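**Q** Predicted structure and sequence below. I'll ask about it afterward.
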Amino acid sequence: MTTREVEHEITISAPATAVYRLLAEVTNWPRIFPPTIYVDREETGGNEERIRIWATANGEPKTWTSHRTLDPEALRITFRQEVPAPPVAAMGGTWIVEPLDDGGSPAARVRLLHDYSAIGDDPHDLLWIQRAVDKNSTAELAALKENVERVHAAETEELTFSFVDTVTVEGSPKDAFDFVNDAGLWPERLPHVARVRFTEDTPGLQELEMDTRAKDGSTHTTKSYRVAFEHHRIAYKQVTLPALMTLHTGVWTFEETEDGNSTASSQHTVTLNTDNIAKILGPDATVADARAYVHTALSTNSRATLGHAKTHAERNR
């Protein structure tokens with residue numbers, strides 16, 4: 001079987017330890033790396049961990065399980081896919097963070113090494129993997145540089161924020177989950193949803209594109225990838241975003257309460273797009289204005305969806 005090896009690198013104006021820390025905190029990857037949709041982390045003891053990643057490869061949603069070994073002293077993280085996604089037969093590599101002497105300013109070189117092979121040594125599949133590795137590695141390193149340098153320069157300006165909406169349901173969490181999970185039915189169930197294109201080729205890994213109506217009657221199109229954990233959680237990441245956002249991830253959570261009822265929650269994490277604030281909200285609008293506008297818009301829609309999920313679950317009780 002043919003094994004290919006490839007290396008990508010980038011230089012970042014920040015301390016090497018700060019870069020390593022961001023790479024080690026894998027549950028934050030959906031916020032940092034454009035291809036990553038969601039990550040589930042399971043510690044296996046010491047500096048060993050198993051992670052399951054849902055991400056896009058050449059625009060296709062994929063999932064795989066990897067084993068990682070973290071070495072904070074050497075600033076290295078090695079990884080090996082335990083359950084690769086076809087057409088990958090084997091995939092592994094190493095993140096290497098090297099401190100640089102940059103005339104007094106902290107800097108680091110990040111090298112991302114991959115080795116991989118394709119099922120049956122298929123030349124077409126090898127080319128597909130090569131393109132996916134090159135595209136994702138380039139995007140991830142650029143995003144890592146942008147995020148670390150912005151945090152290190154303390155220029156966040158409260159651009160990233162999170163919030164949660166919750167309703168109490170006198171019914172089963174499964175019924176509330178089913179309502180949110182069956183997004184293909186939303187146009188007939190939710191007044192603010194005008195159109196939906198919903199696919200789930202891999203169980204639990206969903207693609208959702210929809211047109212949403214605003215209060216003024218206008219519609220905007222968003223596209224998300226969703227990861228559904230049967231009956232209790234749906235995590236998602238928007239990849240086609242409204243103009244005021246550069247990031248929108250979220251989690252729908254459904255939990256049974258001690259009294260036999262349940263709660264349904266919608267958590268959002270957003271990063272504002274400062275380039276569009278004046279264009280959308282006017283020349284005098286501030287970051288605080290944009291935060292309030294986005295929070296209200298998202299909360300209005302998620303609370304509407306939660307309200308209909310509550311009604312559905314209570315009707316089915």
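**A** Thanks, I have it. Numbering: from 1, shown residues only.
**Q** what helix or strand does the residue nearest to G204 when sequence neighbours are not counted sit in?
**A** Nearest in space to G204, with sequence neighbours left out and distances taken as Cβ to Cβ, 6 or more residues apart in numbering, is A228 at 4.7 Å. For the C-beta atoms, the positions are set from N, CA and C on the backbone; glycine is no exception. Per DSSP states H and E, A228 falls inside strand 219-229.
**Q** For stretch 210-225, buried residues please.
**A** For stretch 210-225, burial by neighbour count (16 or more other Cβ atoms under 10 Å) applies to 210, 212-213, 222, 224-225.
**Q** after the strand or helix carrying L144 comes which helix or strand?
**A** Assigned by DSSP H and E, L144 falls within helix 123-152. Once the chain leaves helix 123-152, the next helix or strand it forms, by DSSP H and E, is strand 160-169.
**Q** what sits against the residue lying closest to E9 once chain neighbours are set aside?
**A** Spatially, and ignoring its direct neighbours in sequence, E9 is nearest to R111 (4.6 Å; Cβ to Cβ, 6+ apart). Counting by Cβ atoms under 8 Å, 6 or more residues apart in numbering, R111 makes contact with 7-9, 94-96, 98.
**Q** who wins for most neighbours among those residues?
**A** W95 (23 neighbours; other Cβ atoms under 10 Å).
**Q** quick one: that one is in a helix?
**A** No. Assessed with DSSP: H, G, I helix; E, B strand; the rest coil, W95 is strand; it does not lie in a helix.
**Q** coming back round to it: so in that sheet, which strands flank the strand holding A228, and in what orientation?
**A** Paired neighbours of strand 219-229 in the sheet (DSSP bridges): strand 205-213 (antiparallel), strand 233-240 (antiparallel).
**Q** helices or strands up against the strand or helix carrying D101?
**A** Assigned by DSSP H and E, D101 belongs to strand 88-102. In terms of contacts (3 or more Cβ pairs under 8 Å, 6 or more residues apart in numbering; DSSP states H and E), strand 88-102 is packed against helix 16-24, strand 76-83, strand 105-118.
**Q** what angle do that strand and strand 105-118 make?
**A** Strand 88-102 and strand 105-118 are oriented at 160 degrees to each other (axes from the mean of the first three to the mean of the last three Cα atoms, to 10 degrees).
**Q** Strand 88-102: partners in the sheet, and parallel or antiparallel?
**A** strand 76-83 (antiparallel), strand 105-118 (antiparallel).
**Q** Point out the most buried one among the ones you listed.
**A** Highest mean neighbour count of the strands paired with strand 88-102: strand 105-118, a mean of 19 (counted as mean count of other Cβ atoms under 10 Å).
**Q** From the chain's centroid, how far away is that one?
**A** Distance of strand 105-118 from its chain centroid, counting by Cα atoms, centre = their mean, to the nearest Å, is 21 Å.
**Q** ditto for stretch 92-108
**A** 26 Å.
**Q** do the same with stretch 170-186
**A** With Cα atoms, centre = their mean, you get 22 Å for stretch 170-186.
**Q** can you pull the buried residues of it?
**A** For stretch 170-186, using 16+ other Cβ under 10 Å, the buried residues are 171-181, 183, 186.
**Q** List of residues touching it?
**A** So stretch 170-186 is contacted by 169, 189, 193, 196, 198, 206, 208, 210, 226, 228, 230-232, 234, 252, 254-256, 261-264, 305, 308-310, 312-317 (Cβ under 8 Å, 6+ apart).
**Q** ok, of those residues, which come out buried?
**A** Buried members of those, scored by 16+ other Cβ under 10 Å, are 169, 193, 196, 198, 206, 208, 210, 226, 228, 234, 252, 254, 261-264, 305, 308-310, 312-313.
**Q** and the residue nearest to G204, what is it in contact with?
**A** A228 neighbours (Cβ under 8 Å, 6+ apart): 181, 204-206, 234.
**Q** and the helix or strand of the chain with the lowest mean pLDDT, which strands flank it?
**A** Every helix and strand of the chain was ranked by mean pLDDT, DSSP states H and E. The lowest is strand 36-45, at a mean of 88. If you go by DSSP bridges, strand 36-45 pairs up with strand 48-57 (antiparallel).
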